[in-house]
Structures are given as structure tokens and as C-alpha cells.
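# give the three-dimensional model of this entry:
(one chain, ligands or ions: 1)
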Amino acid sequence: MSRRRVKNIALNDDEDYDVDESFGHSFEDEPAFGVSPATASAYLFVRDKDTGGRITQPPLPDVKEEPPQSAPAPQMARLHVATAGPAHSVKVGFAGAVAVSPSVPSPSPRLLSTKQQQQQQAASSASNSRSASPAPPRKNGADPDSAGGDSTEASATEAYKRYCAGLGDRAMINLVIIGHVDAGKSTLIGHLLYLLGAVSQKVIHRYEQECRKAGKPSFQFAWVLDESEEERQRGVTMDVARSQLSTPHRLVNLLDCPGHKDFIPNMISGAMAADAALLVINATRGEFESGFDQGGQTREHALLARGLGIGQLVVAINKMDTAKWSETRFAEIRDKLGVYLKSVGFKPDCVSYCPVSGLEGANLNKPLSAELCPWYASGPTLVDLIDRLTPPPRSVDKPLRFYISEVSTGGRGTGGSGAVTCFGNALSGYAAPGHKLLLLPANQRITVKAVTSSGQDASAAAGPAIFAGDSGTISVSGGGVDPAHFGPGSVLSSVTMPCPCTNRLRAKLLLINVSQPVTKGYQAIFHQQAVSVPVTIIRLLAQINKSTGQLERRHPRYILSNCCAEVELQLDRPLCLDVYTNSRELGKFMLRDRGVTVAAGTVLCY
Ligand SMILES: Nc1nc2c(ncn2[C@@H]2O[C@H](COP(=O)(O)OP(=O)(O)OP(=O)(O)O)[C@@H](O)[C@H]2O)c(=O)[nH]1
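Model prediction:
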């Protein structure tokens, strides 16, 4: 990690609160706040304190800016790929680089008043087209520094056209798999990948034998995703496992999350990268109840997913074999869950349910037989429901923001030995080999050596590029690149339109589950995508009516649970973030305190 450049401008009391500008609408109208606080806390349970006291970050080393150098030939990153049609694998081609070398503007993080923020947003929307999906990359938007003139812009547009043509009828969607511990998430996805041909029978047979030897029979499909020794020994998923499958109309990036409450931060990072969620429910009598009624992760995961802006949900009512495929049991779970999901903000017509058995592979990609389940025999399979999810717009024409969730060095990934390979998501814009980018918050210039993309197999003709909406890798290499500067939460950004980066921000908070009044000085953990950082509420600016959005009290002395507030936050270290209205992904966050989710937030200004 590196020392971050931070410049904060203290709030001016005269301009720090403009009621009319700030509270034009209700909190409950905001997509980021799908959670209805009044009901959320009624459904959440405060767990035992599983962490105590403050978490501190190690000191950050100084940054030296050094020029990047060339890299050896790239290699492939590992990814499970499956298709509802014939199985295929991700292949990436590599073409020539585009090179330019502009001067690097310093990112200038600062705290803006509401008025300034609105001016900034107006300017930003004037310079960037907000239309998302298949708008072609633009010189200003994608990576102006590497554009190198009209010919490069034209070739980028061409590449994007070829990329879209390569995807054909398929649209990309990121799907997070959530649910209570042991609901059968990994087994379900592992079996689906097997049925779709991404994992061979030989591998499953080997896992079957190894599982039995390890005293964990029936974990063979889960082991497809739970790859680490510790995960296999403990029989629980600990990190987010990525894989990919394709349905007739969707190319689906799967993010299998841990269900155990100890790994909620990992679940949050998975959910933040997702467009829709697959909620896996254990239908076994007593198991659904313990995941739902007793403060289990079914509730918290659904609440977090909605709080993080996910609006579409497929509910797989799993382990139906243990419930003898009972229609009554299915209806009981669907009805109970339906009430809760509606209460936390999911629209009923955006939620679909289907009975499955991940272990038996029933109703995953082939319909249930009338003998096994007469009441659902003609119902859609899990693949059918995933295929109906609506993909989000892709902001290809905006400045590049590649959010890094993992970093590897020493040849793993695409850059060859000596390379630093960044795994993550392209939130906006696009990148290709040769592009000059800015690594933030380290504020270091880098040159892209190689990329891989989750969408690349469908678009090999487009040449190597990663476009908004894709997950994948960007590799940089050479003596000038210090791996210590890279880390989860860093952003590879357009040089001339850099990503904002700050340790101080103004935000709207929806307090969900605080057991005592929140006052100035309250400390919690700020979770944003792949990072969690200690945070302090340094000012309570206003309490807001959560239904009307109207100001209730200026500078309140405390805020209670179920209330909405505008606050000023001080992070222990700077993060890349943005105003929510500019970037859904970089503008939303969750606050957790001693293992409990206490607030959902959106960035108002920085
Ligand atoms: N009977 C039955 N057992 C299942 C089914 N799906 C999973 N299991 C079993 O449930 C146990 C947990 O499965 P996992 O796939 O590891 O569950 P998970 O939700 O991924 O667990 P975490 O990620 O650790 O929360 C294993 O013993 C599986 O064999 C199913 O459809 N039927």
C-alpha cells in the first residue's frame, strides 16, 4: 500500500447545509436505499459481538512515481466457463498497443458544498454522455490519454462494435450467489457448471473420492468452487469464487459468496460487483427457519444486497429432495420470504422462485419430471430464470474506472513473470494494451501490458480490451511498477479524468440496526466493494424524514436507529469513491460495527 495524496477542504458552516438543495426527495425513493428501515431492524437480529474495539490500518509507505516498462507475453487467468449450449473456454487474443504519454494531473479530492456538488455533476454530465449500454467508447470517455487521435478512437469504436457483435444475442450480467451458511450455494453452482460442461466428469469423480477420504462426502460439487485447503477442510466458503456460464441470452459472471457470518465483508465485496442476486434457501425443515428466524444470513444477505442497490433476485429453494419436493413446503418458504423481501425493498415482480436440488442437479438446466414434482413439472428451470434477468446499462463511454479486488505478482495472470496482474471489474470506460492509466490512490502512472475479459471469448475478434461491465484482469509490468502500490480497493483510472479519491466525505446514511444513539465521534467500519476501512462520524449535519426527505433537525446531537441523516465522515485512509449519482458502484457503502450492519450510505460529495 502506498501513502495516499489527500487534500481536504474543511466544511464551511455557512455553506454546509442547504436544505432546499439537499432534500428534494425521499430517502426511500433512492435506489441505493431499498431497505425500509422501519422493517429492516424488526427483521435483523443483533448478533454476539464478534469483534471488539477499533481496527487500525498499518502505516502506508511513500510512493515514488516510476515509468513502466515492457512485459513478456501474457498468460491466461483461470476461470470456470460453462454454457447452456456446448461448453467453451475463455480465450483472449492480444494485439498491438496504443501509446501516448500525457502529463498526469493530480487528483484533487476535496469536500464540496451541495451547490458545488451540483455544479460538478452538471459539468460532468455535460462532458460525459450518461447513456450507457452499447454507446461506443469516446475519446473523452474511455481513455483520452491513450486515444492518440481520431484513428485510435475509431479503432476503439470498431473494437467495441466487434465486441458487441461477438456477444451476439447474449448480454453480460454479474450474478452474486448469496444465502445462509450451508444453504448449498457452492454445490448448486458447482453442479450447474458440471451439467453445462465446464467441469469434467473425471474431475468430479476425483473430488468425490477425495471428499470421501476427507470425511466430507457430498462436497464434490462444492469443491469445484471451494478451492483452498482451508475451505475444503472446514467445509465452508471463505472467499468469493468467480466462474462463468452462458445461457441462451446471457453471459453470466457468477460470484459465489461465503454464507458464514464471519465472512460478511467478502459477501459485501461480491454483492457490490453484482447486478442481480441468486438467493439460495435451504428447504430442509428447521434449516430454513434457522437461516431466517434466528438472525441467520438469509435476512442479512438479502438486506445487504438490496442496500447495495441490487433490485433483481432469483430465489432457489434448494435441497427440495430433503422436503420430498413438497408443494406445501415450497409455498410456505416462498410466502414467508416474500413478505420479508418486499419489506426490505424488493419489488415482488423482480423476484422469482424455483424449487431445486443442487446435489441431485434437479431443475437446474432441465425441467423437473411430472413423476418427481407434478405441481412444478412445466415450471421454468434455474437457467431459464437467470436467462430472464435484465442486464444493466454499460457505461463504456465514460472515463475508465477499473476497480481492483485482487492483485497477483510473479507471472500468475496475464502479464508474464514480473508482472503485476490486477483482477477486478471495469465499472466504466474501457482499457486495452498500451493505454496509459493512473493507479489511485497511489497516484502512479502505469501502462497496460495485457488484459483479459469475462466477455472476451464471445468477442475474440475485437482484440484485447476490457469494457465497462466486464470483470477480468489488467496487467502491468516492468521495473518501474511497485507491486506494493497495488491492492484491493485501488482503481485504475483515466489519466485526464481521474477517479476522485478522498478520506473525507459527506454522505446520506440510513441507520438500520444501531442499539444506541449515534453521536459525533461514532466509529464503525466503512465497507466499499473490496475494502473495509475504519471510519468516524465527525459531524451530524441533519436528520432527515425518511419518508418525505424533508429536513427534521439541523445539527442533531444524536441519531437513532431507523432514522436517516446527512453526516460528514472521516476515513482512516483515502479511498477511491464518487458521488452516488455519478457512479452507483463507487458511491455506495455499508457501515458495520462489531460484526453488525448498522447503516447503508451513499456519497453526496467529497
Ligand atoms: N440433500 C441435499 N444436500 C445438499 C444439497 N445441496 C447441498 N447439499 C449439502 O449441503 C452441504 C453444504 O453445501 P455447500 O454447497 O458447501 O453450502 P454453501 O451454501 O456453499 O456453504 P457456505 O458457502 O460455506 O455458506 C453439503 O454437505 C452439501 O452436500 C441438496 O440439494 N440436497
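# hey, let's count contacts and neighbours off CA atoms from now on
Noted.
# show me what from the protein comes close to the ligand.
180-187, 218-219, 222, 235-237, 258-260, 318-319, 321-322, 357-359 (C-alpha under 6 Å from any ligand atom).
# narrow these to those in helices?
If you go by DSSP state H, the residues of the chain next to the ligand have 185-187, 222 in helices.
# could I get these as CSV with pLDDT?
Written out in CSV, the entries for those read as follows (pLDDT from 0 to 100):
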residue, pLDDT
Lys185, 91
Ser186, 90
Thr187, 93
Ala222, 88
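# pull the residues that contact stretch 483-490.
With contacts defined as C-alpha atoms under 8 Å, 6 or more residues apart in numbering, stretch 483-490 is touched by 1-2, 63, 403-407, 409, 420, 422, 439-442, 528-531, 575-576.
# filter these to the buried ones?
For these, burial is judged from neighbour counts taken by 16 or more other C-alpha atoms under 10 Å, and it is met by 1-2, 63, 403-407, 409, 420, 422, 439-442, 528-531, 575-576.
# wait, is Leu569 part of a strand?
Yes: per DSSP: H, G, I helix; E, B strand; the rest coil, Leu569 lies within a strand segment.
# the residue of the stretch 501-606 of the chain found nearest the ligand: neighbour count?
The minimum distance from the stretch 501-606 of the chain to the ligand, using C-alpha to the nearest ligand atom, falls at Gly595 (16.8 Å). As a burial measure, the neighbour count of Gly595 was computed by other C-alpha atoms under 10 Å and equals 21.
# cool, and the one 10 residues further on?
Using other C-alpha under 10 Å, Cys605 has 24 neighbouring residues.
# please look at it and Leu577 and confirm they touch.
No: counting by C-alpha atoms under 8 Å, Leu577 is not a contact partner of Cys605; they are 9.7 Å apart.
# can you point out the buried residues in stretch 224-234?
Using 16+ other C-alpha under 10 Å as the test for burial, stretch 224-234 gives 224-226, 231-232.
# what lies in contact with it?
By C-alpha under 8 Å, 6+ apart, the list of residues contacting stretch 224-234 reads 186, 190, 199, 204, 214, 223, 236-238, 241-242, 256.
# show me the two of these that sit farthest apart.
Taking C-alpha to C-alpha as the measure, the contacts of stretch 224-234 reach their widest spread between Ala214 and Arg242, a distance of 24.3 Å.
# higher neighbour count, the two?
Arg242 (19 against 12).
# state the pLDDT value of that one.
Arg242 is assigned a predicted lDDT (pLDDT) of 82.
# does it count as helix, strand or coil?
Secondary structure state of Arg242, per three-state DSSP, is strand.
# how close does it get to Asp349?
Distance check for Arg242 against Asp349: by C-alpha to C-alpha, to the nearest Å, it reads 28 Å.
# got it, and Val224?
For Val224, the distance to Asp349 under the criterion C-alpha to C-alpha works out to 33 Å.
# got it, and Ala465?
Ala465 is 36 Å from Asp349, where distance means C-alpha to C-alpha.
# more neighbours: which of those two?
More neighbours surround Ala465 than the other of Ala465 and Asp349, with 29 against 8 (other C-alpha under 10 Å).
# is it true that that one touches Lys449?
No: here Ala465 lies out of contact with Lys449, judged by C-alpha under 8 Å, at a distance of 11.0 Å.
# which residues do the two both contact?
In terms of C-alpha under 8 Å, 6+ apart, Ala465 and Lys449 are both contacted by the residues Pro433.
# mind putting the ones in helices among the residues of the chain next to the ligand in JSON lines, neighbour count included?
What follows is those, written out as JSON lines (neighbours: other C-alpha atoms under 10 Å):
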{"residue": "Lys185", "neighbour count": "29"}
{"residue": "Ser186", "neighbour count": "30"}
{"residue": "Thr187", "neighbour count": "25"}
{"residue": "Ala222", "neighbour count": "26"}
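# and which of the buried residues of stretch 224-234 is nearest to Ala277?
Leu225 (17.4 Å).
# and that closest one, what's its pLDDT?
The score at Leu225 is 80. That number is its pLDDT.
# likewise Gly479?
The confidence metric pLDDT takes the value 55 at Gly479.
# who's in contact with Asp239?
Contacts of Asp239 by C-alpha under 8 Å, 6+ apart are 257-258, 263, 266.
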